[in-house]
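*Asks:* Need a 3D model of the following:
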Amino acid sequence: MYKKITLIWVVLWMLAMTSFAANRNFTLVIDAGHGGHDAGARGAISMEKNVNLSVALQFGRYVEKYMPEVRVIYTRKTDKFVSLIERANIANRANADLFISVHTNALPAGKIARGFETYTLGMHRAMDNLDVAMRENSVISMEKDYKQTYQGFDPKSSESYIIFEFIQGKNMERSVELARMIQRKVCDNANRPDKGVHQAGFLVLRETSMPSCLIELGFITTPDEERILNNSDRVNDIAKSIYDGFAQYRNKYDKRVTVPYRPLQSGDVEELKEQESQHQVEPQRKNEAQKKVEVLKKTEALKRTEPQKKAEVQKKVVAQKKPEPKDAPVFKLQIFVSDRILRKGDAHFKGETDYESFREGNLVKYTMGASSNYNEIYRLRKSLQEKFPEAFIIAFKSGQKYDVNQAIREFKQNKNR
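*Replies:* Residues are numbered from 1 along each chain as shown. The predicted model follows:
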């Protein structure tokens, strides 16, 4: 009876946290596995704890630089020991939206394997998965009073893993999708052998209350793999590809990417409702210039094919000419980022030709559309979503990159004048 009541409270708490999450910044927790006196697996020239930290920090730097609105939390940024339960607690206390744990694989002497693989919480009985989970979880025996802390959990007993299949059902589907996105990006973009997405009973995933996955970067006990994991260029490729997988996941599930929210304040509820509704339907108040932008009525739009609708949206963005305040923010759709200038007709553009680019740091960012009307760019993004699922809206003011949240607030103020 007590367990049943506890479960009900856990479900209610998770529902409450889901509602709360909609009104705050997306929070990502990056966990570099092992650390301090726990070296993890060992290779001929390196230790797992250092490889994990190197990739985790580089991944985090990409997020911090190109998604500054995301709150990034590290379980460790230096060579220190953090218990498995504390790693999970860090994520739970922060009400994190996502937890990604970075590890490195290993095999007994004489055995060779290569490749990148990703795990989510689960209980598949395959002995390989169980062995990997037992090896990673065995670190808890280094913790003081671990039997009391983990309530009798024995990292070497297969029976202890039975309860895993009853935990985190709510997050399982998204965790698997996150793992698949990261797996695909890393194997395709960083040229890593694909060892697939698996499920296993990792304790650090079991204790977290949000979608999560554990990455195995490669095999430190395989000489050529170890050299890759200690090469700064290859580490950067892997970290960037992990970032690309994370960006794809966030674009799909975090509605704040295109509809940014600020923290709730007094009297904000009605304003947030209005902000949400304006992205679904046209505002009732339209001046004459906006009416000219409407090429077809809703009934006519239903008869159009998808390519025609997309072309029409793009034409409206380009053709829009409306009176606007001086220095009004301009919204654009960032479709992707490259480390070089791409030639016209490059496959990355997927047949699109009406694009622009700008350089930020060492990267070239490609955009489509340009309008002081946020709704126009929002519809443009919808029309291009299949081609560019990771595209998101950015803003400029007086030719300079501008905070999109502030730009949306100014757009609303200008609209109501």
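*Asks:* Only C-alpha atoms from now on, for both contacts and neighbour counts.
*Replies:* Fine.
*Asks:* which residues in the stretch 251-400 of the chain form helices?
*Replies:* With DSSP state H, counting those that start in this stretch as the criterion, the stretch 251-400 of the chain has helices at 268-277, 288-293, 298-301, 306-319, 374-383.
*Asks:* typo on my end, it should be the stretch 51-200 of the chain
*Replies:* Along the stretch 51-200 of the chain, the stretches classed as helices by DSSP H, counting those that start in this stretch are 84-93, 127-137, 146-149, 169-189.
*Asks:* Pull the first one out as CSV, backbone CA atoms only.
*Replies:* Think helix 84-93. The C-alpha coordinates for helix 84-93 follow below in CSV (Å, rounded to 0.1, in the frame of the first residue of the first chain):
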residue,chain,number,x,y,z
LEU,A,84,26.6,7.8,-9.2
ILE,A,85,23.8,8.8,-7.0
GLU,A,86,25.1,12.4,-6.7
ARG,A,87,25.4,12.6,-10.5
ALA,A,88,21.7,11.8,-10.8
ASN,A,89,20.9,14.1,-7.9
ILE,A,90,22.6,17.0,-9.6
ALA,A,91,20.2,16.5,-12.6
ASN,A,92,17.2,16.0,-10.4
ARG,A,93,17.8,19.1,-8.2
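*Asks:* just use 474 as the starting number from now, easier for me
*Replies:* Sure, I'll start counting at 474 from here, so that last one is helix 557-566.
*Asks:* mind checking how far Asp706 is from Phe692?
*Replies:* 18 Å (C-alpha to C-alpha, to the nearest Å).
*Asks:* what about those two, which has more around it?
*Replies:* Phe692 (26 against 11; other C-alpha atoms under 10 Å).
*Asks:* Provide the partner residues of Leu594 in its beta bridges.
*Replies:* Beta-bridge pairing of Leu594 under DSSP bridges involves Ala673.
*Asks:* mind checking pLDDT for the nearest residue to Arg707 once chain neighbours are set aside?
*Replies:* Excluding the flanking residues, the one nearest Arg707 by C-alpha to C-alpha, 6 or more residues apart in numbering is Ile701, at 6.1 Å. Note on Ile701: pLDDT of 95.
*Asks:* does Ile701 really touch Asp710, like I thought?
*Replies:* No: using C-alpha atoms under 8 Å, Ile701 is not in contact with Asp710; the gap is 10.5 Å.
*Asks:* higher neighbour count, those two?
*Replies:* Asp710 (19 against 16).
*Asks:* what residues are up against the more buried one?
*Replies:* Asn662, Ala663 (C-alpha atoms under 8 Å, 6 or more residues apart in numbering).
*Asks:* ranges for the strands of the stretch 574-723 of the chain?
*Replies:* Under the criterion DSSP state E, counting those that start in this stretch, the stretch 574-723 of the chain contains strands at 589-594, 667-673, 685-692.
*Asks:* got it, and the stretch 724-873 of the chain?
*Replies:* For the stretch 724-873 of the chain, the strands defined by DSSP E, counting those that start in this stretch cover 803-811, 829-833, 836-844, 865-870, 873-875.
*Asks:* how about the helix or strand following the last one: buried residues?
*Replies:* Yep, that's strand 873-875 we're talking about. Sequence-wise, the next helix or strand downstream of strand 873-875 (DSSP states H and E) is helix 877-888. Going by neighbour count (16 or more other C-alpha atoms under 10 Å), the buried part of helix 877-888 is Val877, Asn878, Ala880, Ile881, Phe884.
*Asks:* what angle separates helix 877-888 from helix 847-856?
*Replies:* Angle of helix 877-888 versus helix 847-856, following axes from the mean of the first three to the mean of the last three C-alpha atoms, to 10 degrees, is 130 degrees.
*Asks:* Which strands and helices lie in contact with helix 877-888?
*Replies:* Applying 3 or more C-alpha pairs under 8 Å, 6 or more residues apart in numbering; DSSP states H and E, one finds that helix 877-888 contacts strand 865-870.
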